[in-house]
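>>> what follows is a predicted protein model with its sequence.
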Amino acid sequence: MRAIVMEAYGGSDRLQLRQMSDPRPGAGEVLIRVRAAAVNPVDWKIRQGHLRLILRLQFPYIPGGDMAGEVVAAGAGVTGWQAGDPVVGFADLRRGGAYAELAVLRQGRFARKTPKLSYAEAATLPIAACTALQALRDLGHLSAGGQALILGGAGGVGHFGVQIAKAMGATVTATCGPANLAFVRGLGADRVVDYHQEDVTAGDRRYDVILDAVAKGSFRRCRHLLAPGGTYVTTLPAPDVFVWDAVERLLGILRTARRARAIMVRPTQADLAFLGQLAEEGKLKPLVSRVYPLAEAALAQEASQAGHTQGKIVIAP
Ligand SMILES: NC(=O)c1ccc[n+]([C@@H]2O[C@H](COP(=O)([O-])OP(=O)(O)OC[C@H]3O[C@@H](n4cnc5c(N)ncnc54)[C@H](OP(=O)(O)O)[C@@H]3O)[C@@H](O)[C@H]2O)c1
């Protein structure tokens, strides 16, 4: 198969297109013909070696955590999946694998792809949409009628965050740059703030949940924006979040305490299926702003690294 391969940590020039032997599904795994792989910031952070303390790679390494494609074969002990089934799932980032024509997915980490979404659209769901869902639902406990603030409403996590918060019945404020105002409004945000023009942390509105997908806001700057009992959830763990989390847990959780949490996305079949259901109901539509061929994976990661992705970038093998 053709795959993008890294032999060492480094710049985007480390991403080389190569012929590799086909992976084989082990027990509890399926082999997938990859139709689309989404690019996430974690892909280039891994490439640069930023996560090497917690994620030690074995080289040669095939990048990519998110994929959608068709089942080619099932390993021992896999039931309920046939060759040709359309699926979407999380690769194991330690093993990598989505930037390739074939890849392996473990049971419990993938779900059936809804026909409502193309392969490119479906491939964007695992990391970014599950992060937004788990942050708002599991850490933020957002409920119908609540107020949500999404910092970075135009990016991968943020554009899903806006739609999921609306699907949960919240009133949504989102921040983005001037080029994305119409896009974020179109996602359903009730109020869109251009961060070049207005500092949302200077406002006097109060929110039940703040999803910080930019993580330049820092909990200290956002804390006063939280309603009593409200929660700030960041996608990038920062020291002030851990300190506040520890203090708040030590003091005991008061109903009016303001909470700070860092999300670490959990790969679950149930959440992928739930997001597919939202898409079927017309409540969730991934925005794929650009599709790169496999050979241009380096360009795709450079575009992500520039920090202004609208929706998601996808690689099509
Ligand atoms: N912990 C986890 O499990 C987890 C999971 C997923 C992602 N993450 C992390 O979360 C971060 C976001 O991920 P992502 O996939 O959403 O990234 P992304 O798609 O690259 O998001 C980029 C977006 O950020 C916006 N942005 C940049 N500066 C901004 C600012 N000051 N205010 C508001 N928006 C701003 C840009 O919008 P404009 O062009 O309008 O500026 C762009 O749309 C990354 O650091 C990623 O590694 C963590």
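That came in fine, so what should we check first? All values derive from a computational prediction rather than experimental measurement. Residues are numbered from 1 along each chain as shown.

>>> could you pull up the residues touching Ala111?
Counting by Cβ atoms under 8 Å, 6 or more residues apart in numbering, Ala111 touches Val87, Val88, Gly89, Gln269, Ala270, Leu272, Ala273, Gly276. No exception for glycine: its C-beta is placed from N, CA and C like everyone else's.

>>> among those residues, which one has the most neighbours?
Highest neighbour count within those, by other Cβ atoms under 10 Å: Val88, with 31 neighbours.

>>> just confirm that one is within a strand.
Yes - secondary structure assignment (DSSP: H, G, I helix; E, B strand; the rest coil) places Val88 inside a strand.

>>> quick one: the contacts of Ala111 as a markdown table, columns for distance to Trp244 and pLDDT too.
Formatted as a markdown table, the contacts of Ala111 follow (distance: Cβ to Cβ, whole Å; pLDDT from 0 to 100):
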| residue | distance to Trp244 | pLDDT |
| --- | --- | --- |
| Val87 | 39 | 98 |
| Val88 | 35 | 98 |
| Gly89 | 34 | 98 |
| Gln269 | 33 | 98 |
| Ala270 | 30 | 98 |
| Leu272 | 31 | 98 |
| Ala273 | 34 | 98 |
| Gly276 | 35 | 98 |
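
>>> greatest separation within the residues you listed: which pair is it?
Greatest spatial distance among the contacts of Ala111 (Cβ to Cβ): Val87 and Ala270, at 14.4 Å.

>>> close to the ligand: what parts of this structure are there?
Residues of the chain lying near the ligand by Cβ under 6 Å from any ligand atom: 40-42, 127-128, 131, 151-152, 154-158, 175-177, 180, 195, 213-214, 216, 235-236, 263-265, 304, 307-310.

>>> please list only the buried members of the residues you listed.
Using 16 or more other Cβ atoms under 10 Å as the burial test, those include 40-42, 127-128, 131, 151-152, 154-158, 175-176, 180, 195, 213-214, 235, 263, 265, 304, 309-310 as buried.

>>> those residues in strands, which ones?
Counted as lying in strands by DSSP state E, out of those, are Leu151, Thr175, Cys176.

>>> among the residues you listed, pick out the one closest to Thr79, please.
If you rank those by distance to Thr79 using Cβ to Cβ, Leu151 comes first, at 42.5 Å.

>>> SS state for the closest residue to Gln16 other than its chain neighbours?
Spatial nearest neighbour of Gln16, excluding adjacent residues (Cβ to Cβ, 6 or more residues apart in numbering): Val5 at 5.5 Å. What three-state DSSP gives for Val5 is strand.

>>> so Asp208 sits against Gly140, correct?
Yes - using Cβ atoms under 8 Å, Asp208 makes contact with Gly140 at a distance of 7.4 Å.

>>> list the contacts of Leu299.
With Cβ under 8 Å, 6+ apart, Leu299 has these contacts: Ser12, Tyr292.

>>> what spatial separation is found between it and the ligand?
15 Å (Cβ to the nearest ligand atom, to the nearest Å).

>>> likewise for Phe59?
Phe59 is 22 Å from the ligand, by Cβ to the nearest ligand atom.

>>> return the distance of the closest residue to that residue other than its chain neighbours relative to the ligand.
In space, and not counting its chain neighbours, Phe59 is closest to Glu7: 5.1 Å by Cβ to Cβ, 6+ apart. Per Cβ to the nearest ligand atom, Glu7 is found 23 Å from the ligand.

>>> re earlier: mind checking which of Asp208 and Gly140 has more residues around it?
The neighbour count for Asp208 versus Gly140, taken as other Cβ under 10 Å, is higher for Gly140 (27 against 21).

>>> residues touching Gln277, list them.
Thr114.

>>> so it belongs to a helix, correct?
Yes - counting by three-state DSSP, Gln277 is part of a helix.

>>> and it, how far from Ala122?
13 Å (Cβ to Cβ, to the nearest Å).

>>> list residues touching both of these two?
Thr114.

>>> who's in contact with the residue in the stretch 151-300 of the chain that the ligand sits nearest to?
Scanning the stretch 151-300 of the chain for the residue nearest the ligand gives Gly155, at 2.2 Å (criterion: Cβ to the nearest ligand atom). Residues in contact with Gly155 (Cβ under 8 Å, 6+ apart) are Ala213, Val214, Thr309, Gln310, Gly311.

>>> swap in Val71?
Counting by Cβ under 8 Å, 6+ apart, Val71 has contacts Val30, Leu31, Ile32, Trp81, Gln82, Ala83, Gly84, Asp85, Val87.

>>> inside strands: which ones of these?
The strands, defined by DSSP E, take in Val30, Leu31, Ile32, Val87 from the contacts of Val71.

>>> which parts of stretch 220-227 are buried?
Applying 16+ other Cβ under 10 Å to stretch 220-227 flags Arg221, Cys222, Arg223, Leu225, Leu226 as buried.
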